[in-house]
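Engineer: fold the following, please.
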Amino acid sequence: MEHLTIGEAVRQLRQMHCMTQETLIELADLSRSQLYYIESGKRTPSLPTIYAICSALGMTFFDLVCYMYGEPQEDSGTPSISSIGAPGATIG
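Structural biologist: Below you'll find the model as predicted:
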């Protein structure tokens, strides 16, 4: 099974949200060339850039990864330590 690249996922999600490149550029504080290189697969975005794009698209990093790998999104966040069942783990 093939998975989407980050660039392919960003382009598809942007289009699914009926968002223009200009809108995403503005909301994620990107340059035109940054988005072009990301969507075309010529560059891999840095982690802060990925988070900015996710925020602009109204999703989490977890949502993006699930979309890229075609996995169902039952939870849109990471599990807390207490939900993992780590012995003696408390959140403070």
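Engineer: helices or strands up against the helix or strand in which Cys54 is found?
Structural biologist: Counting by DSSP states H and E, the element that carries Cys54 is helix 47-56. Under the contact criterion of 3 or more C-beta pairs under 8 Å, 6 or more residues apart in numbering; DSSP states H and E, helix 47-56 touches helix 21-28, helix 32-39, helix 61-69. To be clear about C-beta, it is placed using only N, CA and C from the backbone, and glycine gets the same treatment.
Engineer: would you mind saying which of those lies nearest His3?
Structural biologist: Closest to His3 of the helices and strands packed on helix 47-56, according to C-beta to C-beta: helix 61-69, at 5.1 Å.
Engineer: which of the helices and strands packed on helix 47-56 sits closest to Ser55?
Structural biologist: Comparing these by C-beta to C-beta, helix 21-28 comes nearest, at 7.1 Å.
Engineer: pull the CA atoms of the closest one into PDB?
Structural biologist: What follows is helix 21-28, C-alpha atoms only, in PDB (Å, rounded to 0.1, in the frame of the first residue of the first chain):
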ATOM      1  CA  GLN A  21      -2.600  28.400  -1.800                       C
ATOM      2  CA  GLU A  22      -2.700  32.100  -0.900                       C
ATOM      3  CA  THR A  23      -5.000  31.500   2.000                       C
ATOM      4  CA  LEU A  24      -2.800  28.700   3.400                       C
ATOM      5  CA  ILE A  25       0.300  30.800   2.900                       C
ATOM      6  CA  GLU A  26      -1.300  33.600   4.900                       C
ATOM      7  CA  LEU A  27      -2.700  31.400   7.700                       C
ATOM      8  CA  ALA A  28       0.500  29.300   8.100                       C
END
